[in-house]
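K.L.:
Generate coordinates for the sequence data below:
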Amino acid sequence: MGHIDHAAFGWLTPLLSYAMACVGAALGLRCTVRALAATGRSRRNWLITAASALGTGIWTMHFVAMLGFGVSGTEIRYNVPLTVLSLAVAMLVVGLGVFAVGYGGGRLRALAIGGLTTGLGVASMHYLGMAAVRLHGEVSYDPWRVALSVVIAVAAATAALWAALTLHRPVVVAGASLVMGAAVSSMHYTGMLAVHVRVRPSADALPGAGATAFLFPLIVGLGSYLFLTSAFVALSPTARERIASATAQRVGEGAA
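P.N.:
As a prediction, this is how the structure comes out:
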């Protein structure tokens, strides 16, 4: 049985992964709030942005944390197609949950469907990402901890979507994002505690790409996307601000 290290760089990867989860959650929730106040094409575009932000944030959180994952007696590499597929799954399934809330008729029903779908999307991304791991040995999982991680993911997603539906003040949404970031991180590390590795030493070269050559550039690119999108959302006027601007313009034209 290989010794598993979940924080090979100390607190750096857990803290950085938590920060990425919070950024993705904050951006996703803020875009969902904007979507619920919009109509037509604008609502759809905000929901797409929310799904991409949540999916990207969760995926980035997972693989930043994985940079600190190590097993004694074997190197670790990653299957590239499976890793990219995990990102696509995160965006797609989380998107289904966000759209269920954005276009759902009954509030409780939409929240239940959206929370379940989004939570399963988070869990699917995590375990698909773990399926991409390549090492000299066999990986197994504790089924009870796996089940607990899925429950945490669904609960976190439902709470986040409830916050988007109920809490519209930016400060409150920011607080909800910190809570969701903690829940997503808890889901990740609960899932990682379910992992057991039986190392089989071998001189054969492992297939796949190394974390430094493959994961790090991808994480930097997606992290940059999150921060640039956050700046765009912060500078974009809200529906209330647009209405106030239009009203002021009409008043000004009437006075003239």
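
K.L.:
Nearest spatial neighbour of D142, chain-adjacent residues omitted?
P.N.:
Here the nearest residue to D142 in space, its sequence neighbours aside, is A194; by CB to CB, 6 or more residues apart in numbering that works out to 4.3 Å. The C-beta positions use only the backbone N, C-alpha and C, and glycine is treated the same way.

K.L.:
Name all residues that make contact with that neighbour.
P.N.:
With contacts defined as CB atoms under 8 Å, 6 or more residues apart in numbering, A194 is in contact with 141-146, 149.

K.L.:
what do you get for L87?
P.N.:
Taking CB under 8 Å, 6+ apart as the contact definition, L87 lies against 55-56, 59, 125, 222.

K.L.:
would you turn those into a markdown table with neighbour count, secondary structure and distance to V89?
P.N.:
Converted to a markdown table, the contacts of L87 look like this (neighbours: other CB atoms under 10 Å; DSSP: H, G, I helix; E, B strand; the rest coil; distance: CB to CB, whole Å):
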| residue | neighbour count | secondary structure | distance to V89 |
| --- | --- | --- | --- |
| G55 | 28 | helix | 8 |
| T56 | 25 | helix | 12 |
| W59 | 28 | helix | 9 |
| M125 | 27 | helix | 6 |
| L222 | 20 | helix | 15 |
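
K.L.:
Among these, show me the least confident.
P.N.:
pLDDT across the contacts of L87 is at its lowest for L222, which sits at 79.

K.L.:
coming back round to it: what's the spacing between the residue nearest to D142 and Y141?
P.N.:
In this structure, A194 and Y141 are 5 Å apart, going by CB to CB, to the nearest Å.

K.L.:
Now the common contact residues for these two.
P.N.:
Contacts common to A194 and Y141, judged by CB under 8 Å, 6+ apart, are absent.

K.L.:
Contacts only, for the residue most central in space within the chain.
P.N.:
In the chain, the C-alpha closest to the average C-alpha coordinate belongs to I58, at a distance of 1.9 Å (CA atoms, centre = their mean). Applying CB under 8 Å, 6+ apart to I58 gives the contacts 21, 24, 90, 94, 122, 125, 184.

K.L.:
hang on, the second one in a helix?
P.N.:
Looking back up the chat, that one is G24. Yes. When the secondary structure is assigned by DSSP: H, G, I helix; E, B strand; the rest coil, G24 falls within a helix.

K.L.:
ok, and the closest non-adjacent residue to A53?
P.N.:
L27 (3.9 Å).

K.L.:
these two touch, right, that neighbour and F227?
P.N.:
No. Taking CB atoms under 8 Å as the contact criterion, L27 and F227 are not neighbours in contact, 9.1 Å apart.

K.L.:
Which one's more surrounded, the two?
P.N.:
Remark: of L27 and F227, L27 carries more neighbours, 26 against 11, as counted by other CB atoms under 10 Å.

K.L.:
Next, the buried residues of the helix or strand harbouring the more buried one.
P.N.:
Remark: L27 resides in helix 12-36, with elements defined by DSSP states H and E. The neighbour-count criterion (16 or more other CB atoms under 10 Å) identifies 13-14, 16-36 as the buried residues of helix 12-36.

K.L.:
cool, stretch 69-80 as well?
P.N.:
Judged by neighbour count (16+ other CB under 10 Å), stretch 69-80 contains these buried residues: 69-71, 74, 76-79.
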